[in-house]
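1. need a structure here:
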Amino acid sequence: MRVWGFLSMVVFLAGCQTMQTQPKAKTESRKDVQKALGTITEAISGKHLSEKELRDLARDIRTNKETQSAIESITGAVGGEEKSVMYCPLTGRRYAPSLTICPEHGVALKEVAG
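-> Have a look, this model is predicted:
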(Lines give C-alpha, C1' and ligand atoms only; values in the text may rest on other atoms or scores of the structure.)
Protein backbone atom coordinates (compact mmCIF):
# COMPACT_ATOMS: atom_id res chain seq x y z
CA MET A 1 0.00 0.00 0.00
CA ARG A 2 2.86 2.37 0.76
CA VAL A 3 4.36 1.67 -2.66
CA TRP A 4 1.12 2.66 -4.41
CA GLY A 5 0.87 5.79 -2.34
CA PHE A 6 4.47 6.70 -3.16
CA LEU A 7 3.97 6.05 -6.90
CA SER A 8 0.75 8.05 -6.91
CA MET A 9 2.53 10.95 -5.24
CA VAL A 10 5.40 10.84 -7.78
CA VAL A 11 2.99 10.82 -10.71
CA PHE A 12 0.94 13.63 -9.18
CA LEU A 13 3.97 15.83 -8.48
CA ALA A 14 5.66 15.14 -11.81
CA GLY A 15 2.53 15.82 -13.81
CA CYS A 16 1.46 14.30 -17.05
CA GLN A 17 3.72 14.87 -20.07
CA THR A 18 0.76 15.44 -22.36
CA MET A 19 -0.45 18.33 -20.21
CA GLN A 20 2.79 20.26 -20.56
CA THR A 21 2.81 23.04 -23.11
CA GLN A 22 4.77 22.24 -26.23
CA PRO A 23 7.16 24.84 -27.61
CA LYS A 24 5.84 26.53 -30.72
CA ALA A 25 7.48 25.59 -33.98
CA LYS A 26 9.71 28.38 -35.18
CA THR A 27 8.75 29.69 -38.58
CA GLU A 28 11.39 31.00 -40.90
CA SER A 29 11.42 34.72 -41.35
CA ARG A 30 12.14 36.40 -44.65
CA LYS A 31 15.51 37.44 -43.21
CA ASP A 32 16.36 33.79 -42.39
CA VAL A 33 15.48 32.72 -45.93
CA GLN A 34 17.60 35.51 -47.44
CA LYS A 35 20.53 34.59 -45.21
CA ALA A 36 20.33 30.91 -46.22
CA LEU A 37 19.96 31.86 -49.86
CA GLY A 38 22.97 34.16 -49.60
CA THR A 39 25.11 31.48 -47.98
CA ILE A 40 24.31 28.93 -50.66
CA THR A 41 24.73 31.39 -53.53
CA GLU A 42 28.03 32.69 -52.16
CA ALA A 43 29.32 29.14 -51.76
CA ILE A 44 28.43 28.30 -55.35
CA SER A 45 29.50 31.55 -57.01
CA GLY A 46 32.47 32.36 -54.78
CA LYS A 47 31.47 36.01 -54.40
CA HIS A 48 29.70 38.01 -51.69
CA LEU A 49 26.19 39.28 -52.46
CA SER A 50 24.84 42.59 -51.18
CA GLU A 51 21.48 42.87 -49.42
CA LYS A 52 19.94 44.30 -52.59
CA GLU A 53 21.27 41.42 -54.69
CA LEU A 54 19.81 38.93 -52.19
CA ARG A 55 16.40 40.64 -52.29
CA ASP A 56 16.48 40.70 -56.10
CA LEU A 57 17.44 37.02 -56.20
CA ALA A 58 14.66 36.06 -53.77
CA ARG A 59 12.11 38.00 -55.86
CA ASP A 60 13.44 36.37 -59.05
CA ILE A 61 13.03 32.92 -57.50
CA ARG A 62 9.41 33.68 -56.58
CA THR A 63 8.42 35.13 -59.96
CA ASN A 64 10.66 33.72 -62.73
CA LYS A 65 9.57 30.32 -64.06
CA GLU A 66 12.98 29.63 -65.61
CA THR A 67 14.71 30.25 -62.27
CA GLN A 68 12.21 28.00 -60.51
CA SER A 69 12.87 25.29 -63.10
CA ALA A 70 16.63 25.55 -62.55
CA ILE A 71 16.20 25.31 -58.77
CA GLU A 72 13.96 22.26 -59.14
CA SER A 73 16.64 20.60 -61.28
CA ILE A 74 19.37 21.42 -58.76
CA THR A 75 17.22 20.27 -55.84
CA GLY A 76 16.47 17.00 -57.62
CA ALA A 77 20.15 16.42 -58.36
CA VAL A 78 21.25 17.19 -54.81
CA GLY A 79 18.36 15.24 -53.30
CA GLY A 80 19.33 12.15 -55.23
CA GLU A 81 16.07 11.92 -57.14
CA GLU A 82 16.27 10.08 -60.43
CA LYS A 83 14.33 12.66 -62.43
CA SER A 84 15.68 13.45 -65.85
CA VAL A 85 16.17 16.95 -67.19
CA MET A 86 14.22 18.07 -70.25
CA TYR A 87 15.59 20.25 -73.05
CA CYS A 88 14.25 22.27 -75.96
CA PRO A 89 15.32 20.72 -79.30
CA LEU A 90 15.42 24.19 -80.91
CA THR A 91 17.75 25.97 -78.48
CA GLY A 92 19.11 23.26 -76.19
CA ARG A 93 17.91 25.21 -73.14
CA ARG A 94 17.24 22.89 -70.20
CA TYR A 95 14.07 22.73 -68.14
CA ALA A 96 12.68 20.93 -65.10
CA PRO A 97 11.44 17.36 -65.54
CA SER A 98 7.91 18.50 -64.70
CA LEU A 99 7.68 20.46 -67.98
CA THR A 100 6.73 18.76 -71.23
CA ILE A 101 6.30 21.76 -73.55
CA CYS A 102 8.95 24.46 -74.11
CA PRO A 103 7.58 27.65 -72.50
CA GLU A 104 9.49 29.74 -75.04
CA HIS A 105 8.75 27.97 -78.34
CA GLY A 106 5.74 25.73 -77.62
CA VAL A 107 7.44 22.56 -78.93
CA ALA A 108 7.64 19.25 -77.09
CA LEU A 109 10.65 19.01 -74.79
CA LYS A 110 12.99 16.04 -75.08
CA GLU A 111 14.67 14.14 -72.27
CA VAL A 112 18.40 14.66 -71.72
CA ALA A 113 20.15 11.31 -72.25
CA GLY A 114 22.44 9.93 -69.66
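2. quick one, what contacts Cys106?
-> In this structure residue 106 is Gly, not Cys. Residues counted as contacts of Gly106 (C-beta atoms under 8 Å, 6 or more residues apart in numbering): none. Every C-beta, even on glycine, is put in place using the N, C-alpha and C of the backbone.
3. That one and Thr100: what is the separation?
-> 11 Å (C-beta to C-beta, to the nearest Å).
4. any idea how far the nearest residue to Cys88 once chain neighbours are set aside is from Leu109?
-> In space, and not counting its chain neighbours, Cys88 is closest to Cys102: 4.2 Å by C-beta to C-beta, 6 or more residues apart in numbering. Computed as C-beta to C-beta, the Cys102 to Leu109 distance reads 6 Å.
5. overlap in contacts of these two?
-> Joint contacts of Cys102 and Leu109 (C-beta under 8 Å, 6+ apart) are 88, 95.
6. how about stretch 55-64: buried residues?
-> Leu57 (16 or more other C-beta atoms under 10 Å).
7. Residues in contact with it: which ones?
-> Contacts of stretch 55-64 (C-beta under 8 Å, 6+ apart): 30, 33-34, 37, 41, 49, 67-68, 71.
8. what about Ser69, how many neighbours?
-> 20 (other C-beta atoms under 10 Å).
9. Report the secondary structure element holding it.
-> helix 65-79 (DSSP states H and E).
10. Equivalent analysis for Ser84, please.
-> Under DSSP H and E, no helix or strand contains Ser84.
11. circling back: out of the contacts of stretch 55-64, which end up buried?
-> The neighbour-count test (16+ other C-beta under 10 Å) marks 34, 37, 41, 49 as buried among the contacts of stretch 55-64.
12. Thr41 belongs to a helix?
-> Yes: counting by DSSP: H, G, I helix; E, B strand; the rest coil, Thr41 falls inside a helix.
13. May I have the residues that are in contact with it?
-> Taking C-beta under 8 Å, 6+ apart as the criterion, Thr41 is in contact with 49, 54, 57.
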